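Asks: please find the sequence and the predicted model below.
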Amino acid sequence: MLPPLIPPFRYATVEDEVYRGAYPKKRNYRFLKRLKLKTMLSLTPDPPVLELLEFCQSQNIRNIHLQVNKVKDNVPLGYSRAIQSVQIIIDPSNLPIFIHCLDGADVTGLVIACLRKLQMWSIPSCMSEFL
């Protein structure tokens, strides 16, 4: 019997070939394999653990780690990291892509809100990606 397909915590499809969620655990790998990812964007304070890097390598997934420090003054992400993240997401050579932070909410949510603003969404709609 195959193990169950378990998506990462707070997993969601942002749009075709763009996915988001929390830091993937081993139990999520089978689910992530089915997405046929080309890139995983890790927005975390520390580099990904060896187990995640080995999973990415075994699946030919390019892992891009952008160091994101702890939340400061209720701002989870600086301007330059937000721009870098969106540039990675909109580059077609990186698709399909999975974007994650530690909990799949604050940092990832802000990056997706920035992406939505670039796509000309209204501010309230952009903020719904973050809240």
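Replies: Looks like it came in fine.

Asks: for residue 60, give me its contacts.
Replies: Residue 60 is in contact with residue 38, counting by Cβ atoms under 8 Å, 6 or more residues apart in numbering. In this view, the C-beta of every residue, glycine as well, is placed from N, C-alpha and C.

Asks: for it, report the pLDDT, please.
Replies: Looking at residue 60, its pLDDT is 99.

Asks: swap in residue 131?
Replies: pLDDT, read off for residue 131, is 65.

Asks: around residue 121, how many other residues sit close by?
Replies: A count of neighbours around residue 121, defined by other Cβ atoms under 10 Å, yields 15.

Asks: distance of it from residue 62?
Replies: Here residue 121 is placed at a distance of 28 Å from residue 62 (Cβ to Cβ, to the nearest Å).

Asks: the helix or strand hosting residue 114 packs against which elements?
Replies: Per DSSP states H and E, residue 114 falls inside helix 106-118. Here helix 106-118 touches strand 18-21, strand 39-44, helix 79-90, strand 97-100, helix 123-130, going by 3 or more Cβ pairs under 8 Å, 6 or more residues apart in numbering; DSSP states H and E.

Asks: centre of the chain to that helix, how far?
Replies: The chain centre lies 10 Å from the centre of helix 106-118; the measure is Cα atoms, centre = their mean, to the nearest Å.

Asks: who touches it?
Replies: For helix 106-118, contacts defined as Cβ under 8 Å, 6+ apart pick out 10, 14, 18, 20-22, 43, 68, 71, 76-77, 82-83, 85-86, 89-90, 99-101, 123, 125-127, 129-131.

Asks: please, a ChimeraX command that selects the buried ones among those?
Replies: Per 16 or more other Cβ atoms under 10 Å, the buried members of the contacts of helix 106-118 correspond to this ChimeraX selection:
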select :14,18,20,21,22,43,68,76,77,82,85,86,89,99,100,101,126,129,130
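
Asks: quick check, central residue of this structure?
Replies: In the chain, the residue lying closest to the centroid (Cα atoms, centre = their mean) is residue 99, at 1.0 Å.
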